[in-house]
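Colleague: Okay, here's the prediction I keep looking at, along with the sequence it came from:
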Amino acid sequence: MTAQTRTHSPSTVSGPDLVVAQTRSLPQDFVLGVATAAYQIEGARHEDGRTDSIWDTFAHTPGAVVAGDTGDVACDHYHRYAADVELMRSLGMQSYRFSTSWDRVCPDGGPVNAKGLDFYERLVDSLLEADIAPWLTLYHWDLPQALEDLGGWTSRSTVDRFVEYALAVHDRLGDRVSTWTTLNEPWCSAFLGYTGGEHAPGGSSPADGLAAAHHLLLAHGRTVQELRARDASLELGLTLNFTVADPVDPQDAGDRDAARRIDGQMNRIFLDPIFRGAYPADVLEDVRHLGLEDHILDGDLDVISTPIDVLGVNYYNGSTVSARPAVATSVADSVPDSVPATARPTRSPFPAADGVHTHPSGLPTTSMGWPVQPEGLTRLLVRLHEEYAGPAGVALHVTENGAAFDDVPDDRGFVDDRHRTAYVRAHLGAVLDAIEAGVPVRGYFYWSLMDNFEWAWGYAKRFGLVRVDYDTQERTPKASALDYARVIATRRLPVPWDLQAAGASSSSAGPDRDGADPAAQLQA
């Protein structure tokens, strides 16, 4: 440990009660880890040849990000990666999912920058020395601004530039990284970025969002083909974000159609081309007036449906939708506003879902306003396995799942985050439910290792297992980190608390009756 990581002894930690009568065992080969993304943690904006991404430009646009926050410094991971890897080792993480920055590796989308690759080589070597398996994501939303100026993902030429970048990363790291995912959440890249305006580059065109979605999928397929040709032993795939869309009234045709539209324009618009080589017929009909089919050239869908080995599943919440607006009878009944309060105008990211309204579900919510719905994750995994991944022989991993809460540190910087601990336990339990139902889920990555730049929310929302003091860059594992470390060490999952009771109860963490004391793992 370094002086930049604060530790606690079992006698002083105020955290979750680790003395639990009931536990569930985890499969011995089930991988537990954490995830991050380059722009959200690295900082070092213009260091060692890095140039601006669309997120650098967007974050520096007045009114685009809460409080005018930027990722210029973020968690300073570029300079502190070694200590962060050591922190993960001390918590027992088995795998680390991270992204490489296109802007470091191929600044402005151009020639390879050796210094950028040097950083990722040092990171990967440190992970391997710590016995932490690296899971590499090539694109987590940081498109070079120079390419955006030429049309970005609405331009087919960006596909070629992405393949060149991907191969440059593989040239350096292909002998040490076995799992490669091309894209993280192309729904966000396409529709939050080019249609909804909430994310970079801040567009508001449904047609542009659809063009971007197709080109992102084409870039994925082309890259899988190229990497497969280089090394057949690689585990290749991508990560998609999903919702479980439920109609408010299953008997109402309008509500059922609202759920169909959200499912189609968030889930199936990516799943069907990848696994079935075709866009869903109902989605094509919904968006027919927006020109998607103009971008689909002969052979594109054959490329997009190139077989993959792994599908990353990102799940945070479900949604309850209707053709009718919600009628709030009280403040408590209103749907929390999960869109950041910025000066920049935004619209629905769904290209053709006018008249679809989200309703409150009655479930507890995170500070993002997202309902906490672990059973939705079970349903999602079962569906993905039965309808898509299972028939294709594709492995499933939960590559992101996590929650932002209003963390309150004590005078030592420690956060007793019982809501987050309960959230993790409940969602890991939901994964085990899916496994018991016959779904071979192979791993779970919590989002995120540490608090970081949360896109349009800036630093206002904290998802981390580890608290970051942005003034000092001090890292302090939260109670949820200690609980997660215990799960990893013991391969046992405590039964979850009631989510609302978790916030009101209090107890002190002590040595675990199973013999594992996670706080003791954090001693310097």
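Modeller: Arrived safely. Numbering: from 1, shown residues only.
Colleague: list the helices and strands the stretch of helix or strand L380 belongs to packs on?
Modeller: Using DSSP states H and E, L380 sits within helix 374-384. Using 3 or more C-beta pairs under 8 Å, 6 or more residues apart in numbering; DSSP states H and E, the elements in contact with helix 374-384 are strand 310-315, strand 395-400, helix 418-436. Yep, even glycine has a C-beta here, placed from its N, CA and C like the rest.
Colleague: which one of the ones you listed lies closest to Q40?
Modeller: In terms of C-beta to C-beta, the element of those nearest to Q40 is strand 395-400, at 12.1 Å.
Colleague: So in that sheet, which strands flank the closest one, and in what orientation?
Modeller: Strand 395-400 sits in its sheet next to strand 310-315 (parallel), strand 441-447 (parallel), going by DSSP bridges.
Colleague: For the protein, give me the ranges with low pLDDT.
Modeller: Regions of the chain meeting the criterion pLDDT under 70 cover residues 1-21, 328-338, 497-524.
Colleague: mind running it again at 50?
Modeller: Of all residues in the chain, those with pLDDT under 50 make up the ranges 1-3, 7-21, 330-336, 503-524.
Colleague: Longest helix of it, counting residues only.
Modeller: The residue-count maximum for a helix in the chain (DSSP state H) belongs to helix 206-230.
Colleague: Correct me if wrong: D52 contacts R104.
Modeller: No - shown here, D52 and R104 do not form a contact pair, counting by C-beta atoms under 8 Å, at 11.3 Å.
Colleague: So those two - more neighbours on which side?
Modeller: Ranked by neighbour count (other C-beta atoms under 10 Å), D52 and R104 place R104 first, with 25 against 20.
Colleague: In the stretch 51-200 of the chain, mark out all the strands, start to finish.
Modeller: 95-99, 133-139, 179-184 (DSSP state E, counting those that start in this stretch).
Colleague: can I get these in TSV with distance to F445 and mean neighbour count?
Modeller: Formatted as TSV, those follow (distance: least, C-beta to C-beta, whole Å; neighbours: other C-beta atoms under 10 Å):
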stretch	distance to F445	mean neighbour count
strand 95-99	5	25
strand 133-139	8	23
strand 179-184	11	25
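Colleague: returning to that earlier point: quick one: closest of the strands paired with strand 395-400 to A64.
Modeller: Of these, nearest to A64 by C-beta to C-beta is strand 441-447, at 22.3 Å.
Colleague: Quick one: distance of that closest one to the chain centre.
Modeller: Offset of strand 441-447 from its chain centre (C-alpha atoms, centre = their mean, to the nearest Å): 11 Å.
Colleague: What residues sit buried inside it?
Modeller: Under the neighbour-count criterion of 16 or more other C-beta atoms under 10 Å, strand 441-447 has 441, 443-447 buried.
Colleague: Check stretch 221-235 too.
Modeller: For stretch 221-235, by 16+ other C-beta under 10 Å, it's 221-224, 227-228, 234.
Colleague: cool, stretch 100-120 as well?
Modeller: 100-109, 112-113, 116-117, 119-120.
Colleague: Okay, and which of those map to helices?
Modeller: Reading helices off these with DSSP H, I get 102-105, 116-117, 119-120.
Colleague: Could you dump these into JSON lines and include distance to P364?
Modeller: Listed next are these as JSON lines, based on distance: C-beta to C-beta, whole Å:
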{"residue": "W102", "distance to P364": "37"}
{"residue": "D103", "distance to P364": "38"}
{"residue": "R104", "distance to P364": "39"}
{"residue": "V105", "distance to P364": "41"}
{"residue": "G116", "distance to P364": "42"}
{"residue": "L117", "distance to P364": "44"}
{"residue": "F119", "distance to P364": "40"}
{"residue": "Y120", "distance to P364": "39"}
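Colleague: No more questions from me, cheers.
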